[in-house]
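> A structural model of the following input is requested.
(2 chains)
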Number of protein chains: 2
Amino acid sequence: MTVTQQDKDRILEVHKKTSNVIQQGCGPFFASVYDENGNIVAEAGNSVVNDKCPIYHAEVNAIRATCKKLDTYDLAPYNLSLYVNAEPCIMCVGAIMWSGIKHVYYGVPSKRVEEITGFDEGFKPNWHEEFAKRGITVEGDIEVEAGEKVLEEYVNSGREVYKPSR
Amino acid sequence: MTVTQQDKDRILEVHKKTSNVIQQGCGPFFASVYDENGNIVAEAGNSVVNDKCPIYHAEVNAIRATCKKLDTYDLAPYNLSLYVNAEPCIMCVGAIMWSGIKHVYYGVPSKRVEEITGFDEGFKPNWHEEFAKRGITVEGDIEVEAGEKVLEEYVNSGREVYKPSR
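A predicted model of the protein is given here:
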């Protein structure tokens, strides 16, 4: 796999949608699921604060919506691609593996997300290789600068960095 | 932390409840969330097949139900304990970390779950240490034999080992 101009455009689009959903109270993350024909099957923002549930990350919400739309727990036969503005956290890495999504493209790497926002992204060493073992392709660090700008706006506007109190 | 007789009894109880929910079409996993006073705040089985969603593992469902009941995304102030019949998969390890649950007790280790059932539990090296860093205690391999028996019954009865086609 290589990153095409179309992939970059889709990531720029999720960066823009991230910025939009922040205005609706979402966390600064957004994910879109595309089919082979370039149609968006489902997409969603992070609704941890709005829905008062720590599990409702953008990737989880997008997968839930996709499974509901296609009426199945196994998305593998559909050859779907997930585009997300930032590298998935450990929970979402698991959720993507169990969903049957075949291709993952992300923007800002976790290290930068943690530095900019203070969110904890967890531990997931060699997850690209682990995905490859399971037939899932991953491409990351796409249009990072545009994505970092949205994360910085989120933090600078004083919005909630929702996480469990430790 | 050490494993008390009460912890063992609670794990035996989740093994029994796992067996019960299998009869309702659930996957062979069950999780209960206890408060400090020994009351169950919420509990749930794995509903991947019933709800057609690959994310609805027992731990995820129990956390969703607990957050709904307590009306918050941050469970940390409640000092809750999660009891589950098997070691959490990588997704659930993440879900537990983000929930604010403080103590985790599990039965059958992932290696045995994978050997008995064929489920993929993912990669989560040193997760006990990673939890410790975040102030979460973990005790595992509790009442393993009773738990393995339930998993074996699930497989031997020809029930679905739901996972994405690869």
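
> how about low-confidence regions in chain A?
For chain A, applying pLDDT under 70 flags the ranges A:1.

> need the strands for it, in chain order.
Remark: strands assigned in chain A by DSSP state E are A:27-34, A:40-46, A:81-86, A:103-108, A:137-139.

> so A:P28 makes contact with A:L151?
Yes. A:P28 is within contact range of A:L151, at 5.4 Å (criterion: CB atoms under 8 Å). No exception for glycine: its C-beta is placed from N, CA and C like everyone else's.

> okay if I get the strands of chain A as CSV plus mean neighbour count and distance to chain B?
Output for the strands of chain A, formatted as CSV (neighbours: other CB atoms under 10 Å in any protein chain shown; distance: least, CB to the nearest CB, whole Å):
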stretch, mean neighbour count, distance to chain B
strand A:27-34, 27, 10
strand A:40-46, 21, 11
strand A:81-86, 29, 13
strand A:103-108, 26, 13
strand A:137-139, 17, 13
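
> and those as TSV, adding distance to B:V33?
Shown next, in TSV, are the strands of chain A (distance: least, CB to CB, whole Å):
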stretch	distance to B:V33
strand A:27-34	24
strand A:40-46	23
strand A:81-86	29
strand A:103-108	31
strand A:137-139	33
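
> Please name whichever of these is nearest to A:K68.
Ranking the strands of chain A by proximity to A:K68 (CB to CB) places strand A:40-46 first, at 7.7 Å.

> Direction included, what does the closest one pair against?
Here strand A:40-46 has these sheet partners by DSSP bridges: strand A:27-34 (antiparallel).

> what's the angle between the partner strand and strand A:81-86?
160 degrees (axes from the mean of the first three to the mean of the last three CA atoms, to 10 degrees).

> would you put the C-alpha positions of strand A:27-34 in CSV?
Extracted C-alpha coordinates of strand A:27-34, given in CSV (Å, rounded to 0.1, in the frame of the first residue of the first chain):
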residue,chain,number,x,y,z
GLY,A,27,-13.8,15.3,21.5
PRO,A,28,-11.2,16.2,18.9
PHE,A,29,-11.3,13.0,16.9
PHE,A,30,-13.3,11.9,13.8
ALA,A,31,-13.4,8.7,11.8
SER,A,32,-14.9,7.9,8.4
VAL,A,33,-15.4,4.4,6.9
TYR,A,34,-15.2,4.2,3.1
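
> can you state the direction angle for it and strand A:103-108?
Angle, strand A:27-34 to strand A:103-108, by the same axes, to 10 degrees: 150 degrees.

> Now the lengthiest helix in chain A: buried residues?
With secondary structure taken from DSSP state H, chain A has its longest helix at helix A:5-22. For helix A:5-22, the neighbour count (16 or more other CB atoms under 10 Å in any protein chain shown) marks A:D7, A:R10, A:I11, A:L12, A:E13, A:V14, A:H15, A:K17, A:T18, A:S19, A:V21, A:I22 as buried.

> Mind giving me the packing neighbours of it?
Counting contacts by 3 or more CB pairs under 8 Å, 6 or more residues apart in numbering or on different chains; DSSP states H and E, helix A:5-22 packs against strand A:27-34, strand A:40-46, strand A:81-86, strand A:103-108, helix A:144-156.

> dump the residue contacts of the closest residue to A:V113 other than its chain neighbours.
Leaving out its chain neighbours, the residue that sits closest to A:V113 by CB to CB, 6 or more residues apart in numbering or on different chains is A:A86, at 5.0 Å. Shown here is A:A86, whose contacts under the criterion CB atoms under 8 Å, 6 or more residues apart in numbering or on different chains are A:F29, A:Y106, A:G107, A:V108, A:P109, A:S110, A:V113, A:G147, A:L151.

> Count the residues that sit near the nearest residue to the third one once chain neighbours are set aside.
So the one you mean is A:G107. Spatial nearest neighbour of A:G107, chain neighbours left out: A:G147 (3.8 Å); criterion: CB to CB, 6+ apart. By the criterion of other CB atoms under 10 Å in any protein chain shown, A:G147 has 29 neighbours.

> Please consider this matter closed, and thank you.
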